[in-house]
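1. what would the 3D arrangement of this be:
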Amino acid sequence: MPKAEADAPDRRSLHERIAADLREDIMSGDLAPGASLPSTTQLKARFAASNATVQKALQLLKDERLVIGRPGAAVTVREHRQRTVRPASYAAPARDGEPYSWLAEAAQQGRRARSELLEVAEATPPADVAAALQLSEGGPALLRRQVLWVDDEPVELVKSYYPLALARGTAMMERRRIKGGTPTLLAELGYPPRLSVDRVSARVPTQEQYAALRLPSSLPVLRTLRVVYTEGEQPIEATVMVKAGHLYELRYEFTPE
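-> Take a look at the predicted model:
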């Protein structure tokens, strides 16, 4: 008879389990910014761990820049770095003379944000993207790949795909940033976004994601597949957005019918 799931052992190393529990205390606010973590003696007793194991756990949190500490001093919680993202606020085209929505929101929060365009090319998209764009099997799409930076830290890897029939002959085919972002350009081309559908999942980072986001460890990433539709439920864009899971939460607001 299969062992009950509740009794299944946690196969992670002890220092990883200690870091996970302390990380939850930090991210939930039980350990506020500036607060001192329990002493090494207290952590050894709490987790029945050796001094070396506790120090390895604390080093993980330091590498993630969640805590700060020096030899002989208490380890304290850094300012909370988790950012709340409101996906619905980024779907609309930018207003005339205004930057892309996420750039404007970052500026309002006193942060320095920028995008780095890495690649513009015809490419075969992943199967879920191809299905979303209603492409034939193996059919190419236009890929625009970029990394978003906030305060000189890579925070999101973005791969946006567009049907070639829609993208050819437009600024999307050029390796340069588009004023106001692609939602603005699509609207100008007669394809105003009317509906966006997000599918969000937590995944182990790929090698590309790990390197691009400079992740400190194999913490999960948040992967969002966003499909944008115009009039007549025509898909015009499918974007895969990957964020570090320990730095972001997604906030959705809706009114029950």
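
2. quick one: average confidence on the longest helix along the chain?
-> Counting residues, the longest helix found in the chain (DSSP state H) is helix 14-28. Across helix 14-28, pLDDT averages out at 93.

3. in it, which residues are buried?
-> By neighbour count with 16 or more other CB atoms under 10 Å, helix 14-28 contains the buried residues 14, 15, 16, 17, 18, 19, 22, 23, 26, 27. For the C-beta atoms, the positions are set from N, CA and C on the backbone; glycine is no exception.

4. farthest-apart pair in the residues you listed, please.
-> Using CB to CB, the pair of the buried residues of helix 14-28 lying farthest apart is 14 and 27, separated by 20.3 Å.

5. follow-up on the earlier one: which member of the buried residues of helix 14-28 is positioned nearest residue 41?
-> Set against residue 41, the nearest of the buried residues of helix 14-28 by CB to CB is residue 18 (14.0 Å).

6. got the buried residues for stretch 227-237?
-> Neighbour counts over stretch 227-237 (16+ other CB under 10 Å) mark 227, 228, 229, 230, 235, 236, 237 as buried.

7. start to end distance for it?
-> End-to-end distance of stretch 227-237 (CA to CA, to the nearest Å): 6 Å.

8. list the contacts of it.
-> 91, 132-134, 160-163, 166, 182-183, 186, 191-197, 226, 238-239 (CB atoms under 8 Å, 6 or more residues apart in numbering).

9. for the record, mean pLDDT for it?
-> For stretch 227-237, the mean confidence score works out to 95.

10. ok, what's across the strand from the nearest residue to residue 135 once chain neighbours are set aside?
-> Of all residues not flanking residue 135 in the chain, residue 141 sits nearest, at 6.3 Å (CB to CB, 6 or more residues apart in numbering). As for beta bridges, residue 141 partners with residue 123 under DSSP bridges.

11. thinking again about what came up before, sitting in strands, which of the buried residues of stretch 227-237 do you find?
-> Secondary structure defined by DSSP state E assigns 227, 228, 229, 230, 235, 236, 237 of the buried residues of stretch 227-237 to strands.

12. is the second one bridged to anything, and to what?
-> Counting by DSSP bridges, residue 228 forms beta bridges with residue 196, residue 237.

13. quickly list the domain ranges of the protein.
-> Listed domain ranges for the chain are 5-77, 83-250 (source: automatic domain parsing).

14. please report the distance of residue 77 from residue 41.
-> Note on residue 77: its distance to residue 41, by CB to CB, to the nearest Å, is 19 Å.

15. settle it for me: which of the two has more neighbours?
-> residue 77 (21 against 10; other CB atoms under 10 Å).

16. give me phi/psi at the more buried one?
-> The phi/psi pair for residue 77 (degrees, to the nearest 10) reads phi -80, psi 130.

17. residue contacts, it?
-> Counted by CB under 8 Å, 6+ apart, residue 77 has contacts 26, 31, 32, 33, 34, 35, 36, 37, 66, 67.

18. among these, which are in helices?
-> Per DSSP H, the contacts of residue 77 map to helices at residue 26.

19. show me which of the contacts of residue 77 is closest to residue 148.
-> Ranked by distance to residue 148 (CB to CB), the contacts of residue 77 are led by residue 66 at 21.0 Å.

20. over to the closest one: give its phi and psi.
-> phi -90, psi -30.

21. that older thread, check the buried residues of stretch 227-237 and tell me the two furthest apart.
-> Of all pairs in the buried residues of stretch 227-237, the most separated under CB to CB is 227 and 230 at 11.2 Å.

22. mind listing the helices for this protein?
-> 14-28, 40-47, 51-63, 101-108, 127-132, 164-167, 182-188, 207-212.

23. so what secondary structure elements neighbour the longest helix of the chain?
-> If contacts are counted by 3 or more CB pairs under 8 Å, 6 or more residues apart in numbering; DSSP states H and E, helix 14-28 sits against helix 40-47, helix 51-63.
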